[in-house]
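# sharing a sequence plus its predicted fold:
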Amino acid sequence: MPRETDQSAVVAVRALGAPPWPTLDPFLFCVHHKDNYPEGDARMAPSAAALAGRNIGSDFSSKDGWSMYHGDVVPGFPRHPHRGFETITVLRSGLCDHSDSLGATARFGPGDAQWMTAGSGIVHSEMFPLVNPDQPNPLELFQLWINLPARSKMVPPYFTMFWDAQVPTVRETDREGRATTTRVVAGAYGDHVPPPPPPDSWAADPGNHVAVWTVDLEPGAHHTLPPGPADANRVLYVFQGTEPRVGGQHVVTPSAVQIRPGHAVHIVAGEGMVTRILVLQGRPINEPVASQGPFVMNTREELAQAFTDYRRTGFGGWPWSRSDPAHAADAGRFAVHPDGRRESPKS
């Protein structure tokens with residue numbers, strides 16, 4: 001076990017402000033949404049009184065502990081385009097209703113993850129329906145953007161779901177019996193292997209060492225993350241905890257801790273509450289990045305072409321009657337793929 005005072009594994013510690021949080025190649029974007037939504041009305045929306053004083057259509061205020069974002073009825077993000085990268089959405093609580101220009105749609109919830117390759121262009125919406133009329137509707141999720149290399153920027157869009165039961169959960173205990181639980185969304189953790197990423201993803205090649213893990217440590221727990229590859233970036237986003245120690249350093253939450261490639265890192269949770277960490281890892285793509293709004297390309301010329309193509313084609317159009325579609329309150333978790341195939345967690 002590494003010594004708690006050994007700080008050789010830590011490259012840098014950076015205090016985190018409001019998201020998006022800083023990332024390292026191949027990741028482009030990291031947002032932690034945590035909204036304590038109230039009870040929902042018949043439209044799965046907050047009450048009119050709860051909406052008073054908000055900038056509806058662009059509400060990032062966190063007033064009363066939650067935001068409407070770009071939603072004006074149901075909170076969330078109505079239809080918007082992407083090109084040139086992938087989104088990974090990891091749900092910890094609440095629900096997300098997805099719809100896209102391929103005709104795919106889904107509702108996913110706690111423990112589920114959605115992985116979408118935007119590739120040559122897709123339009124999608126992500127809405128957060130408040131399905132409980134008589135109790136709060138808390139939402140917590142991570143949305144990550146991971147880059148695509150130049151050769152894959154214009155691949156066909158792709159949509160897949162990882163249901164809760166498919167995502168490996170690894171429970172380890174220290175000498176005192178205090179548990180650390182790791183959820184493995186991407187990248188093998190020991191012998192624990194998650195579902196395969198989309199076929200054109202940077203993560204589809206195991207040699208790129210892409211990993212997305214969430215790590216929850218009970219108060220006082222000791223845990224050692226295994227060494228990362230020598231050619232991959234690794235960042236630990238410590239987003240909850242009472243001054244845990246990472247590589248021997250006290251960390252004030254929330255903070256990003258960059259880990260030296262090839263090094264294991266020892267973590268000691270603080271007392272009083274669970275320490276929660278998001279781990280992002282991957283071999284850098286090491287290509288130029290030109291980005292603006294929802295598009296990520298390699299050159300400014302390609303970026304301009306993305307805007308031109310979207311204005312001209314709409315990336316295939318929008319097959320839904322609303323820009324912010326949400327499913328019925330009792331719809332349950334499911335996905336319908338572009339070819340019409342329907343799946344649900346129990347299948």
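In hand now; what should we look at? Numbers count the residues shown, from 1 in each chain.
# who does the strand or helix carrying Met116 pair up with?
When elements are assigned from DSSP states H and E, Met116 belongs to strand 113-117. Here strand 113-117 has these sheet partners by DSSP bridges: strand 85-93 (antiparallel), strand 158-162 (antiparallel).
# packing partners for the helix or strand just after it?
Next helix or strand after strand 113-117 toward the C-terminus (DSSP H and E): strand 122-127. Applying 3 or more Cβ pairs under 8 Å, 6 or more residues apart in numbering; DSSP states H and E, one finds that strand 122-127 contacts strand 76-82, strand 96-100. In short, each C-beta sits where N, CA and C put it, glycine included.
# what's the closest of those to Ala15?
Proximity to Ala15 (Cβ to Cβ) singles out strand 76-82 among the helices and strands packed on strand 122-127, at 27.1 Å.
# could you export the closest one as PDB, CA atoms only?
C-alpha atoms of strand 76-82 as PDB (Å, rounded to 0.1, in the frame of the first residue of the first chain):
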ATOM      1  CA  GLY A  76     -33.600  20.400 -19.500                       C
ATOM      2  CA  PHE A  77     -32.100  21.100 -22.900                       C
ATOM      3  CA  PRO A  78     -34.500  21.100 -25.900                       C
ATOM      4  CA  ARG A  79     -33.300  20.200 -29.300                       C
ATOM      5  CA  HIS A  80     -29.800  21.300 -30.200                       C
ATOM      6  CA  PRO A  81     -27.100  20.000 -32.600                       C
ATOM      7  CA  HIS A  82     -23.700  18.300 -32.200                       C
END
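# any low-confidence regions in the protein?
Within the chain, the ranges that satisfy pLDDT under 70 run 1-7, 347.
# let's see 50
The model of the chain has pLDDT under 50 over residues 1-5.
# can you give me the helices in it?
Shown for the chain, the helices assigned by DSSP state H span residues 48-51, 300-313.
# so which bits of the first one are buried?
With burial defined by 16 or more other Cβ atoms under 10 Å, the residues of helix 48-51 counted as buried are Ala50.
# can you check stretch 291-306 too?
By 16+ other Cβ under 10 Å, the buried positions in stretch 291-306 come out as Ser291, Pro294, Phe295, Val296, Met297, Asn298, Glu302, Leu303, Ala306.
# repeat for stretch 86-99
Here stretch 86-99 shows 86-92, 94-99 as buried, counting by 16+ other Cβ under 10 Å.
# which of the residues you listed sits closest to Thr242?
The closest of these to Thr242 turns out to be Arg92 (Cβ to Cβ; 19.5 Å).
# quick one: residues contacting the closest one.
Contact partners of Arg92, counting by Cβ atoms under 8 Å, 6 or more residues apart in numbering, are Pro110, Gly111, Glu140, Leu141, Phe142, Thr214.
# alpha carbons only: can I get stretch 222-241 in CSV?
Extracted C-alpha coordinates of stretch 222-241, given in CSV (Å, rounded to 0.1, in the frame of the first residue of the first chain):
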residue,chain,number,x,y,z
HIS,A,222,-8.8,3.7,2.6
HIS,A,223,-8.6,2.8,-1.1
THR,A,224,-5.8,2.5,-3.7
LEU,A,225,-6.6,3.1,-7.3
PRO,A,226,-4.5,0.8,-9.5
PRO,A,227,-1.7,2.4,-11.6
GLY,A,228,-2.9,4.1,-14.8
PRO,A,229,-1.2,3.5,-18.2
ALA,A,230,2.1,5.4,-18.7
ASP,A,231,0.7,7.1,-21.8
ALA,A,232,-2.8,8.2,-20.5
ASN,A,233,-4.1,11.2,-18.7
ARG,A,234,-6.0,10.6,-15.4
VAL,A,235,-7.9,13.2,-13.4
LEU,A,236,-9.9,12.6,-10.2
TYR,A,237,-12.8,15.0,-9.7
VAL,A,238,-13.4,14.9,-5.9
PHE,A,239,-16.9,16.4,-5.8
GLN,A,240,-18.0,15.4,-2.3
GLY,A,241,-16.2,14.7,1.0
